[in-house]
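need coordinates for the following:
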Amino acid sequence: MEYEPVIGLEVHAQLKTNTKIFCGCSTAFGAPPNTHTCPVCLGMPGVLPVLNRTVVEYAVKMALATHCTINHVSEWARKNYFYPDLPKGYQISQYDRPLAERGYVDLDINEEGKRVNITRIHMEEDAGKLIHDESAPVSYVDLNRAGVPLIEIVSEPDMRSPEEGAAYLRRLHEILVYLEICDGNMEEGNFRCDANVSLRPKGEPAFGTRTELKNMNSFRNVQRALEYEIRRQQYVLESGGTVIQETRLWDDARGTTLPMRGKEEAHDYRYFPDPDLVPVTVADEWIDEIRRTLPELPREKRERFIREYEIPAYDAGVLTASRAIADYYEQVATRCGKPKAASNWVMGDILGHIKEDKVEMEDCPITAADLGNLVRLIDDGTISGKMAKDVFEEMWSSGEKPETVIKKRGLVQITDAGALEAVVDEVIAANPAQVEQFRGGKEKVFGFFVGQVMKKTKGQASPGLVNEILKRKLSGS
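Residues are numbered from 1 along each chain as shown. Next up, the predicted model:
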């Protein structure tokens, strides 16, 4: 029997606020354990939470970016469960009245594209973190993360392959980072994903029994975990067994999923309205104000780059990988007026050095204006493309402007036809054997002459002009 996967993702994104959702404690990552805490996020008796307004603003941004309907009134609920990293014994979240519902994102996964619908986006607080001691059977609790603001983005079970799941996850990630409301660092837990996956006979409308996958800390691992779980469930079904509804952990080292616990249903958490928090009211005026602050999102930016700058789709995809790269490229292209040349320099030289030197795009030592000027100097014949590579390297190491480097190193390209003709005549006169070879049909010898001219001019001769003069002189015209 042929089976069809049914996949839905629950994504938790940590919002990039300075303080926690219900108190004034810092959200900074990497502090000593239990130092960013207070009676509110430690769940002490008698304390009251106070909502961070920026959390709501950021959540509304994501809701608008994913075409959700924003509820003017949403309510807080207590999600009850007991675990050592949850100091209150419940998590403040939203349940039956979330902030936003019924959105979607479009994926460019094939020629037809793919739309994944979003069930809901709601706000909640994060739990703490358990740290397991590898040298002893002991676990420690760090509550610095308790109370850090999250939004949970719950998709419909619309994905039918691990590739679609990974593509959807990447799309959410790039939107969150473009909006500058989430760092998107999966290793630090800023962007986390749980996957629900089931199999059903192809063509059947009813869903099969689903399992939930946790502990996936990269896009690649999400795809690998889905692939493994689909194979595992198919083996169970084809062997005559029954898939158990459960939560399973992804083991990256083994490349397998392992049972963790039985899968909870909503009633297991005994949700009820939080008596300490009033409903969240979001007026149309505030929504419109937030909408005006939204940046151009990556998918729209890619389409505009292809249309306006006439660069290939591949280039546009690389250049819009982050807002910083996209903004840098646009400034270079505007400065030099050569969009494709600008694309080549940014994708190749700039991003190559960024990766090699492990620096952020924002810390690039070559400004977009200076790179644009370098491209323009190549185009107007001041320097050759080969010279430009040397100039670029010095710009990268020194931060100097291209004009300064060119002047300092005497790299101005020789474009005087008379001066170059004299050099060409010298080279031809000094190499009569090679001249005869060329005129006898050995066209590869032409490169020898170009090299000799470039050597005599210390690489400063205009390559195009050298080729033109050599062809004329060697042919005897």
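
which parts of the stretch 201-350 of the chain are helices?
Listed in chain order, the helices of the stretch 201-350 of the chain (DSSP state H, counting those that start in this stretch) span residues 219-238, 284-291, 298-309, 313-319, 323-336, 339-344.

the ones you listed: which one's closest to residue 406?
Ranking the helices of the stretch 201-350 of the chain by proximity to residue 406 (Cβ to Cβ) places helix 323-336 first, at 15.6 Å. Every C-beta, even on glycine, is put in place using the N, C-alpha and C of the backbone.

what comes up buried for the closest one?
Within helix 323-336, the residues scored as buried using 16 or more other Cβ atoms under 10 Å are 323, 325, 326, 327, 328, 329, 330, 331, 332, 333, 335, 336.

let me have the helices of the stretch 201-350 of the chain in TSV, adding distance to residue 49 and mean pLDDT as columns.
Listed next are those as TSV, based on distance: least, Cβ to Cβ, whole Å; pLDDT from 0 to 100:
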stretch	distance to residue 49	mean pLDDT
helix 219-238	32	94
helix 284-291	21	97
helix 298-309	35	95
helix 313-319	42	95
helix 323-336	33	96
helix 339-344	49	97
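
okay if I get these as CSV plus distance to residue 57?
Converted to CSV, the helices of the stretch 201-350 of the chain look like this (distance: least, Cβ to Cβ, whole Å):
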stretch, distance to residue 57
helix 219-238, 28
helix 284-291, 6
helix 298-309, 21
helix 313-319, 29
helix 323-336, 18
helix 339-344, 35
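
on the three-state scheme, the nearest residue to residue 113 once chain neighbours are set aside is what?
Sequence neighbours aside, residue 106 is the residue nearest to residue 113 in space, at 5.8 Å (criterion: Cβ to Cβ, 6 or more residues apart in numbering). The three-state label given to residue 106 by DSSP: H, G, I helix; E, B strand; the rest coil is strand.

beta partners of residue 106?
Applying DSSP bridges to residue 106 yields these beta-bridge partners: residue 115.

can you pull the contacts of it?
Contact analysis of residue 106 by Cβ atoms under 8 Å, 6 or more residues apart in numbering lists 113, 114, 115, 116, 299.

got a pLDDT number for the first one?
The pLDDT attached to residue 113 in the predicted structure is 84.

so which of the contacts of residue 106 is the most crowded?
For those, the largest number of neighbours (other Cβ atoms under 10 Å) sits with residue 116, at 25 neighbours.

residues touching it, list them.
Under the criterion of Cβ under 8 Å, 6+ apart, the contact list for residue 116 reads 104, 105, 106, 107, 155, 156, 158, 159, 164, 168.

count of neighbours near residue 453?
24.

tell me which element it is part of?
Secondary structure from DSSP states H and E places residue 453 in helix 446-456.

going along the chain, name the strands of the stretch 51-200 of the chain.
With DSSP state E, counting those that start in this stretch as the criterion, the stretch 51-200 of the chain has strands at 69-70, 73-74, 77-80, 90-93, 100-107, 114-125, 129-133, 138-142, 149-155, 191-201.

now tabulate those strands in a markdown table and tack on distance to residue 5.
As requested, the strands of the stretch 51-200 of the chain are exported to a markdown table (distance: least, Cβ to Cβ, whole Å):
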| stretch | distance to residue 5 |
| --- | --- |
| strand 69-70 | 28 |
| strand 73-74 | 32 |
| strand 77-80 | 28 |
| strand 90-93 | 28 |
| strand 100-107 | 16 |
| strand 114-125 | 14 |
| strand 129-133 | 31 |
| strand 138-142 | 35 |
| strand 149-155 | 14 |
| strand 191-201 | 6 |
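
want to try JSON lines for the contacts of residue 116, with pLDDT and distance to residue 98 as columns?
Rendered in JSON lines, the data for those read as follows (pLDDT from 0 to 100; distance: Cβ to Cβ, whole Å):
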{"residue": "104", "pLDDT": "97", "distance to residue 98": "16"}
{"residue": "105", "pLDDT": "96", "distance to residue 98": "17"}
{"residue": "106", "pLDDT": "94", "distance to residue 98": "22"}
{"residue": "107", "pLDDT": "92", "distance to residue 98": "23"}
{"residue": "155", "pLDDT": "97", "distance to residue 98": "14"}
{"residue": "156", "pLDDT": "96", "distance to residue 98": "14"}
{"residue": "158", "pLDDT": "95", "distance to residue 98": "19"}
{"residue": "159", "pLDDT": "95", "distance to residue 98": "21"}
{"residue": "164", "pLDDT": "95", "distance to residue 98": "24"}
{"residue": "168", "pLDDT": "96", "distance to residue 98": "19"}
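
so how do I select the buried members of those in ChimeraX?
Selection command for ChimeraX covering only the buried members of the contacts of residue 116, criterion 16+ other Cβ under 10 Å:
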select :105,107,155,158,159,164,168
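
ok, the contacts of residue 116 vs residue 175, which is closest?
Residue 175 lies nearest to residue 105 out of those, by Cβ to Cβ, at 7.3 Å.

any low-confidence regions in the stretch 101-250 of the chain?
The model of the stretch 101-250 of the chain has no residue with pLDDT under 70.
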